[in-house]
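Participant: Dropping a prediction and its sequence here:
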Amino acid sequence: MSDEIEKIVVKFLTNGANEKELEKLADWLKTKDNVLSFDRFVKINYALDMNLNEFNSENVKIALMKKKRQDRSTIFKLKIRKIIRYAAAAIIIFGLGYFFRDNIFNAPNETAPVIVDTNKSIEPGSDNAILMLEDGSQIALGNGKSFQNQNANSNGEQIVYKKEGGKTKEVKYNYLTIPRGGQFNLVLSDGTEVWLNSESQFKYPVSFIDGEIREVELVYGEAYFDVSPSSEHNGTKFKVHNSFQDIEVYGTEFNVKAYKDEFNVYTTLVEGKVDVEVGDTKQSLVPNEQSNLNIKTMSIDVAVVDVEDVVSWKNGIFSFKGKPLKDIMKVISRWYDIDVIFENKQLETITFKGVLGKDQNIEEILMTIKTLSVLKEYEIVDKTVILK
């Protein structure tokens with residue numbers, strides 16, 4: 001890393017970089033080697049110094065102690081998003097020390113928090129899935145496991161179905177189930193790409209019938225879709241079904257969150273257009289809009305959201321914006337396959353704004369919260385985290 005880039009990195013961390021510098025940093029981070037250099041630099045000179053309470057830069061110290069991140073201009077936000085897009089693997093280290101509190105958490109600022117750790121390190125999730133074939137047999141997919149049959153092949157991180165050839169007369173379905181602590185990527189026979197989050201199940205045809213609606217089902221969980229457009233498939237529509245709603249797709253990218261233990265189904269549009277259908281109600285979405293279906297009342301609301309915040313999970317990042325700790329820990333519990341107990345119930349409603357990396361172990365994440373003096377104590381017993 002050159003001296004010039006090093007200075008820009010420090011400026012970026014302290015919100016002091018101008019537009020030209022942010023552009024230069026974004027371009028520099030396009031290469032893998034530079035991403036690794038960025039990662040090492042920040043971990044050594046930023047996160048480590050934070051934990052030792054010794055800072056190489058007074059500006060970094062000031063940035064860490066700020067209670068709220070200052071607003072930036074629209075162009076600066078766009079540049080920062082570009083950096084995050086090119087450096088997702090590196091930017092996640094902000095979870096070690098670049099985690100912000102909203103309104104000082106509206107909580108007392110305790111000093112010298114005590115941490116009790118009675119267990120070995122709980123590691124993050126990984127590429128992991130169970131594939132159920134049309135004959136009912138099950139195949140474990142994941143890192144280091146390859147699989148191939150007449151319809152699909154997997155390298156352990158992704159399963160790809162053969163492109164449609166000829167005319168399929170009978171639809172045969174496969175299921176891909178992602179356990180807690182897992183994630184997986186899938187390419188359907190029509191070229192549609194699907195990312196599945198932890199604790200999800202997806203039902204889909206091995207091959208679609210030519211000329212008929214391409215239909216899949218998110219049984220439960222969360223999925224990001226990049227749908228192959230109808231124009232490439234003789235005008236055939238694409239639909240995503242769920243127990244509570246149907247989505248008609250027009251060649252687009254969107255995210256659906258429909259967990260079994262939640263009372264809301266969220267559909268967030270990134271590009272293109274979708275229609276969300278709930279009974280006789282149809283709601284169209286445009287990019288940056290999110291529909292929120294309350295499954296208790298079956299009412300649906302639409303709001304403008306920060307799309308990158310919603311879909312960051314597929315890029316290896318947890319991005320939280322004003323979320324209560326209870327909701328944050330629910331997301332984290334799925335990824336680390338842990339249970340979370342709030343011994344101190346007041347912690348449940350504390351809200352956060354910040355970024356965490358999905359490749360951090362659970363101690364690093366809890367240390368981040370501890371550094372901000374939110375927790376007096378936490379305890380890890382087997383695979384249960386107790387917040388005190």
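Facilitator: Yep, it's here. Residues are numbered from 1 along each chain as shown.
Participant: just for this protein, where's the confidence low?
Facilitator: 13-16, 39-40, 42-120, 165-168, 369, 371-375 (pLDDT under 70).
Participant: Now do the same contact list for the residue nearest to the spatial centre of it.
Facilitator: Nearest to the mean C-alpha position of the chain, by Cα atoms, centre = their mean, lies Trp313 at 0.9 Å. Contacts for Trp313 (Cβ atoms under 8 Å, 6 or more residues apart in numbering) come out as Asn197, Glu222, Val331, Lys358. C-betas here are computed from N, CA, C, even on glycine.
Participant: Of these, which pair is most distant in space?
Facilitator: The distance between the two most remote of the contacts of Trp313 (Cβ to Cβ) is 13.5 Å, for Glu222 and Lys358.
Participant: now the helices for the protein?
Facilitator: Ranges of helices in the chain, per DSSP state H, are 3-13, 19-28, 32-42, 48-52, 58-65, 74-86, 88-91, 307-311, 325-336, 362-371.
Participant: helices or strands next to the second one in the packing?
Facilitator: For helix 19-28, the packing partners by 3 or more Cβ pairs under 8 Å, 6 or more residues apart in numbering; DSSP states H and E come out as helix 3-13, helix 74-86.
Participant: repeat that with 10 Å
Facilitator: Secondary-structure packing of helix 19-28 (3 or more Cβ pairs under 10 Å, 6 or more residues apart in numbering; DSSP states H and E): helix 3-13, helix 32-42, helix 74-86.
Participant: what angle do the first one and helix 32-42 make?
Facilitator: Computed by axes from the mean of the first three to the mean of the last three Cα atoms, to 10 degrees, the angle separating helix 3-13 from helix 32-42 equals 60 degrees.
Participant: How far off centre is helix 3-13?
Facilitator: Centroid separation between helix 3-13 and its chain, computed with Cα atoms, centre = their mean, to the nearest Å, is 27 Å.
Participant: With only the CA atoms kept, save stretch 177-189 in CSV.
Facilitator: The C-alpha trace of stretch 177-189 is given here as CSV (Å, rounded to 0.1, in the frame of the first residue of the first chain):
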residue,chain,number,x,y,z
THR,A,177,-32.8,-26.4,2.2
ILE,A,178,-30.3,-24.1,3.9
PRO,A,179,-29.8,-24.8,7.6
ARG,A,180,-28.9,-22.3,10.3
GLY,A,181,-25.3,-21.4,9.8
GLY,A,182,-25.5,-21.8,6.0
GLN,A,183,-26.0,-20.1,2.7
PHE,A,184,-25.9,-21.2,-0.9
ASN,A,185,-26.1,-20.0,-4.5
LEU,A,186,-28.3,-21.6,-7.2
VAL,A,187,-28.6,-21.1,-11.0
LEU,A,188,-31.8,-22.4,-12.4
SER,A,189,-32.2,-24.0,-15.8
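Participant: List the buried residues of it.
Facilitator: Buried residues in stretch 177-189, counting neighbours by 16 or more other Cβ atoms under 10 Å, are found at 177-189.
Participant: now do stretch 298-308
Facilitator: Neighbour-count burial for stretch 298-308 flags Ile300, Val302, Val305, Val307, Glu308 (criterion: 16+ other Cβ under 10 Å).
Participant: go on, stretch 152-171?
Facilitator: Buried residues in stretch 152-171, counted by 16+ other Cβ under 10 Å: Ala152, Ser154, Gly156, Glu157, Gln158, Ile159, Val160, Tyr161, Glu164, Thr168.
Participant: Can you flag which of these belong to strands?
Facilitator: Cross-referencing the buried residues of stretch 152-171 against strands under DSSP state E gives Ala152, Ser154, Gln158, Ile159, Val160, Tyr161.
Participant: could you point out the longest strand in the chain?
Facilitator: Longest among the strand segments of the chain by residue count, using DSSP E, is strand 214-226.
Participant: partners of that strand, with directions?
Facilitator: Each strand that pairs with strand 214-226, with its direction, by DSSP bridges: strand 193-196 (antiparallel), strand 200-205 (antiparallel), strand 238-241 (parallel), strand 253-258 (antiparallel).
Participant: what inclination does that strand have with respect to helix 325-336?
Facilitator: Angle of strand 214-226 versus helix 325-336, following the same axes, to 10 degrees, is 110 degrees.
Participant: Convert strand 214-226 to CSV, retaining C-alpha atoms only.
Facilitator: Output of strand 214-226 as CSV, limited to C-alpha atoms (Å, rounded to 0.1, in the frame of the first residue of the first chain):
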residue,chain,number,x,y,z
ARG,A,214,-41.8,-20.3,-14.8
GLU,A,215,-42.9,-20.9,-11.2
VAL,A,216,-40.8,-21.4,-8.1
GLU,A,217,-41.6,-21.3,-4.4
LEU,A,218,-39.7,-19.7,-1.4
VAL,A,219,-41.1,-22.1,1.2
TYR,A,220,-39.6,-20.0,4.0
GLY,A,221,-36.5,-17.9,4.7
GLU,A,222,-34.8,-15.3,2.6
ALA,A,223,-33.7,-15.2,-1.0
TYR,A,224,-32.3,-12.8,-3.5
PHE,A,225,-33.4,-13.3,-7.1
ASP,A,226,-31.7,-12.2,-10.4
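Participant: got the domain boundaries for the protein?
Facilitator: For the chain, automatic domain parsing gives the domain ranges 1-97, 100-122+317-388, 126-305.
Participant: okay, now Ser207: neighbour count?
Facilitator: 21 (other Cβ atoms under 10 Å).
Participant: what do you get for Gln346?
Facilitator: By the criterion of other Cβ under 10 Å, Gln346 has 11 neighbours.
Participant: and if you look at Glu217?
Facilitator: Glu217 has 17 neighbours, counted by other Cβ under 10 Å.
Participant: so how far is Asp327 from it?
Facilitator: According to Cβ to Cβ, to the nearest Å, Glu217 and Asp327 sit 26 Å apart.
Participant: coming back round to it: quick check, nearest of the buried residues of stretch 298-308 to Thr351?
Facilitator: Using Cβ to Cβ, Val305 is the member of these that sits closest to Thr351, with 16.1 Å.
Participant: quick one on the thing from earlier: can you give me the buried ones in the longest strand of the chain?
Facilitator: 214-226.
Participant: of those, closest to Lys239?
Facilitator: Set against Lys239, the nearest of those by Cβ to Cβ is Glu215 (4.9 Å).
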